[in-house]
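*Asks:* this one's structure only:
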């Protein structure tokens, strides 16, 4: 089991660093000193470096099968990843839909665009990506690697809500929470299809196509049955 130690250590470090820089005691002074955009860039750099290190550890870890990688299981990412990619793009292109959680929509519509589907598009993308790959791979390294991002997505949603409530105020939060939902398509109002538009869908599918094309070359695994 010592062969999995680098993956376990780097995953633990990745979680610890992201938890630390997301805590108000550390995050708020950094945002005040760097500004929101520079803090976002800093967070992105930390995330990229951490992901690269964790991916290296996952890629070099041995294969220890936990359950058979059935063909039906391998089809699950092909079905869920297009939606995950669309959610990722929508979370970036829709104001107030990202993981920062320091702003809420202004104006008459408290749940514009993808926020009318779920107020947590990015965490749901992580849940879909991580969960689909845990099932499809069926090995210990895959369970550790993809499972941590599945947990990240599941825990990220309530943490973002707590940050929104703290930073945006109780009244604004209650207005936003009453018009949105954590679970997709469980909100009280209709989906704002016009606000979502065609661009996130098209760009999300383009992202998915790029992942398919690069997957075997980068990961060494055929991404579809």
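*Replies:* Perfect, I can see it now. Because the structure is predicted, anything quoted here is derived from the model rather than measured. Numbering: from 1, shown residues only.

*Asks:* what separates the helix or strand containing residue 155 from the chain centre, distance-wise?
*Replies:* According to DSSP states H and E, residue 155 maps onto helix 140-168. Chain-centre distance of helix 140-168: 8 Å, with C-alpha atoms, centre = their mean, to the nearest Å.

*Asks:* got it, and stretch 11-24?
*Replies:* With C-alpha atoms, centre = their mean, you get 15 Å for stretch 11-24.

*Asks:* Stretch 181-189 too?
*Replies:* That offset, for stretch 181-189, works out to 18 Å (C-alpha atoms, centre = their mean).

*Asks:* Same question for stretch 60-70.
*Replies:* Distance, centroid of stretch 60-70 to centroid of chain: 24 Å (C-alpha atoms, centre = their mean).

*Asks:* And the helix or strand hosting residue 39, what's buried?
*Replies:* Assignment of secondary structure by DSSP H and E places residue 39 within helix 36-60. By neighbour count on 16 or more other C-beta atoms under 10 Å, the buried set for helix 36-60 is 39, 43, 50, 53, 54, 57, 58. All C-beta spots, glycine's among them, are computed from the backbone N, C-alpha and C.

*Asks:* thinking again about what came up before, for the helix or strand following the helix holding residue 155, enumerate the helices and strands it packs against.
*Replies:* Sequence-wise, the next helix or strand downstream of helix 140-168 (DSSP H and E) is helix 170-179. If contacts are counted by 3 or more C-beta pairs under 8 Å, 6 or more residues apart in numbering; DSSP states H and E, helix 170-179 sits against helix 140-168.

*Asks:* for the record, mean pLDDT for the helix it packs on?
*Replies:* Averaged across helix 140-168, the pLDDT comes to 90.

*Asks:* Which positions in it come out as buried?
*Replies:* 140-150, 152-154, 156-157, 159-161, 163-165, 167-168.

*Asks:* quick one, that helix and helix 170-179 angle?
*Replies:* 130 degrees (axes from the mean of the first three to the mean of the last three C-alpha atoms, to 10 degrees).

*Asks:* Helix 140-168 versus helix 36-60: what angle between them?
*Replies:* Using the same axes, to 10 degrees: helix 140-168 against helix 36-60 is 170 degrees.

*Asks:* what packs against the helix or strand of the chain with the lowest mean pLDDT?
*Replies:* In the chain, the helix or strand scored least confidently by mean pLDDT, DSSP states H and E is helix 24-34, which has a mean of 80. Contacts defined by 3+ C-beta pairs under 8 Å, 6+ apart place helix 24-34 against helix 5-22, helix 36-60.

*Asks:* So which of these is nearest residue 98?
*Replies:* Among the helices and strands packed on helix 24-34, the nearest to residue 98 by C-beta to C-beta is helix 36-60 (8.6 Å).
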